[in-house]
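*Asks:* I would like to see how this sequence folds:
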Amino acid sequence: MAKKRQARLCGARRTDGEPCGGWAMLAQDVCAAHGGKAERAKQAAYRRHVEARLRRAFEHDWAQFQTEVFEWNVRRVAFAAVTLGIPVEKVTEADVWWAYSEAGRKSPPPPELRRDRRFKTPSPPAYKPKRRAANSSTNGAE
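*Replies:* Residues are numbered from 1 along each chain as shown. This next block holds a predicted model:
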């Protein structure tokens, strides 16, 4: 799939003071002629682009997690209300525990936020100690 172009004009000015008029490069404020092709600018733009994608993905998954937790609590409270015969509004956490113990069932585990590979930070490189050169005076031959 091709990258979508952002509809943003270059923010640089020409020598006569007029705006450049060129299209800014992806995740940048300037066009290629005004520094958008510099390696440092490309790296910063890529970092901003990836951070924005991760933020959107995490916010989506966080909202889904909150919905799952809410539904989980609703199911637990509804089960306790039916089992103990009390109104839903009066059910406490102790009532939920008591209802599950009375019914001889385990309470369902709470939902977990999915650990997505997109959220992992790269691990630092493993430390490898340097090998010492074998010293000829210590190998026993004198």
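*Asks:* so Asp29 makes contact with Arg8?
*Replies:* Yes: using Cβ atoms under 8 Å, Asp29 is in contact with Arg8, at 7.3 Å. For the C-beta atoms, the positions are set from N, CA and C on the backbone; glycine is no exception.
*Asks:* ok, then the element right after the helix or strand hosting Val74?
*Replies:* Here Val74, judged by DSSP states H and E, is contained in helix 39-84. Sequence order places helix 93-103 as the next helix or strand after helix 39-84, per DSSP H and E.
*Asks:* how far does that next one sit from its chain's centre?
*Replies:* 36 Å (Cα atoms, centre = their mean, to the nearest Å).
*Asks:* start at 250, not 1
*Replies:* Let's use 250 as the start, then, which means that last one is helix 342-352.
*Asks:* where does the residue lying closest to Glu317 once chain neighbours are set aside sit: helix, strand or coil?
*Replies:* In space, and not counting its chain neighbours, Glu317 is closest to Pro360: 4.0 Å by Cβ to Cβ, 6 or more residues apart in numbering. Look at Pro360: counting by DSSP: H, G, I helix; E, B strand; the rest coil, its state is coil.
*Asks:* now do the same contact list for Pro360.
*Replies:* 314, 317-318, 321 (Cβ atoms under 8 Å, 6 or more residues apart in numbering).
*Asks:* ok, now Val345?
*Replies:* 325-326, 328-329, 356.
*Asks:* from Cys269, how far off is it?
*Replies:* Note on Val345: its distance to Cys269, by Cβ to Cβ, to the nearest Å, is 63 Å.
*Asks:* thank you kindly, that will do.
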